[in-house]
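J.: Sequence first, then the predicted structure:
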Amino acid sequence: MTTEITQPIKELNSITLTDQIFRKIQTAIVSGDIAPGTKISEPELARVYGISRGPLREAIHRLEGQKLVERTAHVGARVVSLSHQQLFELYQIRETLEGLACRLAAQSIDKQQILNLREVLHLHAQDPNFKEGKGYYLQEGQDDFHYCIIKNCGNKTLEKMLCDELYHLIRMYRVQYSKTPNRPHKALSEHIRILDAIADGDAELAELLMCRHIASSYRNIQKHFI
């Protein structure tokens with residue numbers, strides 16, 4: 001397990017020790033610094049981060065809830081590593097549900113929400129990593145274009161599935177395969193077209209463009225999936 005990204009954890013007043021270690025390991029997994037399939041060694045992580053096993057175990061439990069860590073009998077906890085079939089099924093779900101989110105957003109979104117989404121894309125275009133061709137999907141939550149569309153679609157069940165249950169698992173593959181040459185700029189162009197369709201209230205086109213966008217992302221992963 002890599003230790004390059006680790007630093008001793010210091011408790012802060014605003015967040016708990018468990019929150020700190022959870023965020024550090026989550027970031028390392030999503031970015032690929034802790035590779036898919038890596039065994040989670042509690043003694044090693046406790047030593048590296050300089051914390052007790054209690055907060056660490058709670059953090060690992062939370063990572064299991066985000067589907068970033070899986071635990072199997074006689075093996076223990078490992079970073080999730082999807083098979084080709086599992087990844088294909090995940091992207092099938094994404095294509096269908098995020099396409100639906102765009103359709104719904106186009107039917108109900110207001111002008112301020114459109115302006116907010118345009119600002120998100122502007123920030124993406126100004127991101128230093130993007131300008132240098134190092135990647136695109138490094139933002140999360142309110143700075144993530146996909147996340148913001150889903151939050152504005154008006155369907156709480158859809159929101160729970162894509163912004164909670166599957167979000168970080170999906171994001172792990174988005175981040176780790178975003179550095180493919182030419183993909184970041186192509187993705188931004190696709191995002192702009194999707195937003196234009198939503199802003200025009202063209203629900204059918206918005207859904208179609210998002211489905212195509214996600215299908216393109218999956219093909220990109222397929223080319224480099226080991």
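T.: Yep, that arrived. Keep in mind that what you see is a predicted model, and the values were worked out from it rather than measured.
J.: so what does the least confident helix or strand in the chain by mean pLDDT touch, helix or strand wise?
T.: Using mean pLDDT, DSSP states H and E, helix 128-131 stands out as the lowest-scoring helix or strand of the chain, at a mean of 80. Judged by 3 or more C-beta pairs under 8 Å, 6 or more residues apart in numbering; DSSP states H and E, helix 128-131 is in contact with helix 183-199. Where C-beta positions appear, they are placed from N, C-alpha and C, glycine not excepted.
J.: relative orientation of the following helix or strand past the helix it packs on and helix 183-199 in degrees?
T.: From helix 183-199 onward toward the C-terminus, using DSSP states H and E, the following helix or strand is helix 203-224. Orientation of helix 203-224 against helix 183-199 (axes from the mean of the first three to the mean of the last three C-alpha atoms, to 10 degrees) gives an angle of 170 degrees.
J.: Go through helix 203-224 and flag the buried ones.
T.: 203, 205-211, 213-214, 217-218, 220-221 (16 or more other C-beta atoms under 10 Å).
J.: counting contacts, what elements does it pack onto?
T.: The helices and strands touching helix 203-224, judged by 3+ C-beta pairs under 8 Å, 6+ apart, are helix 84-108, helix 183-199.
J.: between the helix or strand just after the longest one and helix 84-108, how many degrees?
T.: Counting by DSSP H and E, the element after helix 84-108 in chain order, helix or strand, is helix 111-126. Note on geometry: by the same axes, to 10 degrees, helix 111-126 and helix 84-108 are set 140 degrees apart in direction.
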